[in-house]
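S.K.: I would like to see how this sequence folds:
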Amino acid sequence: MKIRATTAQDLDVFVDTVHTAFGRFLETPDEHGGGVWWSALELDRGVMALTDSGKAVGTTAAYSFELTLPGEVVVPAAGVTSVGVLPTHRRQGVLTAMMRHQLAELRERGDFLAVLLASEGTIYGRFGYGPATHTRRLTVQRSQSAFRTHQDTGSIEVLKRSECGDVLEEVYDRYRRTQAGALSRPHRWWALGAGKPPVAPAPRYVAVHRDADGVADGYASYALTDGSLVIDETITSDDAVFGALARFVLGHDLVTEVTFKHFPTEHPLRWQLADFRAGQLSGETDWLWVRLLDVPRALTARGYLGDGDLVLEVHDPFLGEHGRHLLTVRDGKAECVPTDRAPDLSLDVRDLGSIYLGGTAPSTLIRAGHVLAHNPNAVQIADALFRAARPPHCLHWF
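M.R.: Just a heads-up that it's a prediction; the model follows:
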């Protein structure tokens, strides 16, 4: 078996192999080659596994994203995607070989963080990825959708998806820079219609919210079918704007229920409803998985809400690495250096990925038996250091 980087000439073989691996059939691109999920692939960042006879049997690739960390710090991150192995060649070490090759390549490029969306929950932990954000649905019956309060002074305009691409791109870009866990959507994604709606050009209505000065500061992309209104995503950094968009869709005629996909953890909307039970949560699942490739660099990149010192003993079984790091935080800024001091916490790199964005408390993983605390004070310090001002949230599909 041979593992090699891909080029633009490999596009057809690469895409065909991915689809075969997942048992799916190819969609038809538009006249410009867009409108399909793979139109934004960066084949200079792809990897293929080939048999000795040259047949492609495995694929993986990476997108060049930016990831927002706690403290509104924006950093580069490799978005791992299109990971697939043909059914005829599974459990033969193909995936492991590709993952090892890819991580080495990412490091060589200078990446210190990799992220992905996992099709199955048991695959990527062994490669050092940990679930770092979660998502769920909120469904509200329109008959129970009255609000307790009304705070907003802006306005809402309804547009078709085809009429407001620039507005969506602009509002999303402002939003993602303030939301920990959010990924960038490069302009080429919007231009090519790559991914899921509303990036993809599927027919959608878009409720665009504007502030008192007429500046767009939020949107909700939605479709209505048989009395059910489903919102692809609600984008805004302002809870009052979110509430205004929610009131709008919940007041839509010919609707019996409204479902918010990718509803953020700990969002206050249910508390804004007159009937708290009117909002029913379902479908909670992991979303963005994080993999640290350079522990000191990653830990010093993010912001922190408190001060403290913590010695982290980090094991990386997949790469065969082990390190002990002294994390020192003062005034929200961190330094991280090698140390011989006794560890406060011992943990796998996948668990460090899970707590990195502040969505999972270290104490939760200690209670689960994944992280070992060597002294009781370390638990409180770790929870205080790694928490985020607002839970991380990612809704970008890649």
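
S.K.: quick one, phi psi at the residue of the chain positioned farthest from its centre?
M.R.: In terms of distance from the mean C-alpha position of the chain, residue 53 ranks first, at 37.3 Å (Cα atoms, centre = their mean). Per-residue torsions, residue 53: phi -90, psi 0 (degrees, to the nearest 10).

S.K.: just the strands in the stretch 101-250 of the chain please.
M.R.: Residue ranges of the strands in the stretch 101-250 of the chain, as given by DSSP state E, counting those that start in this stretch, are 113-117, 130-131, 134-141, 155-160, 205-210, 216-225, 228-235.

S.K.: quick revisit: so for the residue farthest from the centre of the chain, what's the pLDDT?
M.R.: Looking at residue 53, its pLDDT stands at 94.

S.K.: And residue 332, by the same measure?
M.R.: Residue 332 carries a pLDDT value of 89.

S.K.: that older thread, can you lay out the strands of the stretch 101-250 of the chain as JSON lines showing mean neighbour count and distance to residue 281?
M.R.: No exception for glycine: its C-beta is placed from N, CA and C like everyone else's. Listed next are the strands of the stretch 101-250 of the chain as JSON lines, based on neighbours: other Cβ atoms under 10 Å; distance: least, Cβ to Cβ, whole Å:
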{"stretch": "strand 113-117", "mean neighbour count": "23", "distance to residue 281": "21"}
{"stretch": "strand 130-131", "mean neighbour count": "22", "distance to residue 281": "18"}
{"stretch": "strand 134-141", "mean neighbour count": "18", "distance to residue 281": "6"}
{"stretch": "strand 155-160", "mean neighbour count": "14", "distance to residue 281": "25"}
{"stretch": "strand 205-210", "mean neighbour count": "21", "distance to residue 281": "22"}
{"stretch": "strand 216-225", "mean neighbour count": "21", "distance to residue 281": "18"}
{"stretch": "strand 228-235", "mean neighbour count": "22", "distance to residue 281": "15"}
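
S.K.: Just put those in a markdown table and tack on mean pLDDT.
M.R.: Shown next, in a markdown table, are the strands of the stretch 101-250 of the chain (pLDDT from 0 to 100):
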| stretch | mean pLDDT |
| --- | --- |
| strand 113-117 | 98 |
| strand 130-131 | 98 |
| strand 134-141 | 97 |
| strand 155-160 | 97 |
| strand 205-210 | 98 |
| strand 216-225 | 98 |
| strand 228-235 | 98 |
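
S.K.: Tell me the spacing between the residue farthest from the centre of the chain and residue 2.
M.R.: Distance from residue 53 to residue 2, counting by Cβ to Cβ, to the nearest Å: 10 Å.

S.K.: before we move on, the earlier item: relative to residue 166, which of the strands of the stretch 101-250 of the chain is closest?
M.R.: strand 216-225 (9.7 Å; Cβ to Cβ).

S.K.: got any ranges where this structure has weak pLDDT?
M.R.: Residue ranges of the chain with pLDDT under 70: none are present.

S.K.: how about 80 then?
M.R.: Within the chain, the stretches with pLDDT under 80 are 31-33, 150-153.
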